[in-house]
Each structure stands twice: as structure tokens, then as C-alpha cells.
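> coords below, sequence missing:
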């Protein structure tokens, strides 16, 4: 006897795309929308970044130093640059 079809619950069981499996493929990186805050000075600073998904995370300077969002944030605070 055939069984009734029960659709997959994507919240509990994700799709089967190769990019959704962390060990296979190279999923696209999340894009950073903006820097919302910082703590510390110079290259020891931490920056709170907002991803396009609206998630917030604190990242050290060495991980965000080359981002345009950090440059824009510094300019908005009228900081000429970060000294290493």
C-alpha cells in the first residue's frame, strides 16, 4: 500500500542542496550591511557588524579592517583612520 506524502518541515530538516551542507561546497559569505558600534582603540578594537540578514555580531579589527563598512563607520565618526 502506498503511504501518504508528508511534506518536509524545512525548519527542522533543511533542504538537500550541496551548499547547505557545511562540509561540502563553499556557501556564499553573508554580506555586511553596516558597522553599528565599536569598543576599544586601534587594532585591538571590536566592531559590532550587522549582516544583511539583520544578525549582529562582534568581530575583531583584523577580521573587518578591509571592509568598506568600517571605512564608512570611521568617516561617520570623523575618525581619520585606525592606527595599527
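Arrived safely. Not measured: the values here are computed from a predicted model.
> which residues sit in contact with the closest residue to residue 67 other than its chain neighbours?
The shortest distance from residue 67 to any non-neighbouring residue, by C-beta to C-beta, 6 or more residues apart in numbering, is to residue 32 (6.1 Å). Bear in mind the C-beta positions are built from the backbone N, C-alpha and C, glycine included. When contacts are counted by C-beta atoms under 8 Å, 6 or more residues apart in numbering, residue 32 touches 49, 50, 51, 52, 64, 67, 69.
> Would you list the buried entries among those residues?
The neighbour-count test (16 or more other C-beta atoms under 10 Å) marks 49, 50, 64, 67, 69 as buried among the contacts of residue 32.
> Any chance of CSV for those, columns secondary structure?
Supplementary listing: these in CSV, determined by DSSP: H, G, I helix; E, B strand; the rest coil:
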residue, secondary structure
49, strand
50, strand
64, helix
67, coil
69, helix
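> Would you mark the buried spots in stretch 33-51?
Buried residues in stretch 33-51, defined by neighbour count with 16+ other C-beta under 10 Å: 34, 35, 38, 45, 47, 49, 50.
> that older thread, out of the buried ones among the contacts of residue 32, who's nearest residue 57?
The shortest approach to residue 57 among the buried ones among the contacts of residue 32 belongs to residue 49, at 6.1 Å (C-beta to C-beta).
> how far is the longest strand seen in the chain from where the chain is centred?
Longest among the strand segments of the chain by residue count, using DSSP state E, is strand 32-39. Averaging C-alpha positions (C-alpha atoms, centre = their mean, to the nearest Å) puts strand 32-39 11 Å from its chain's average.
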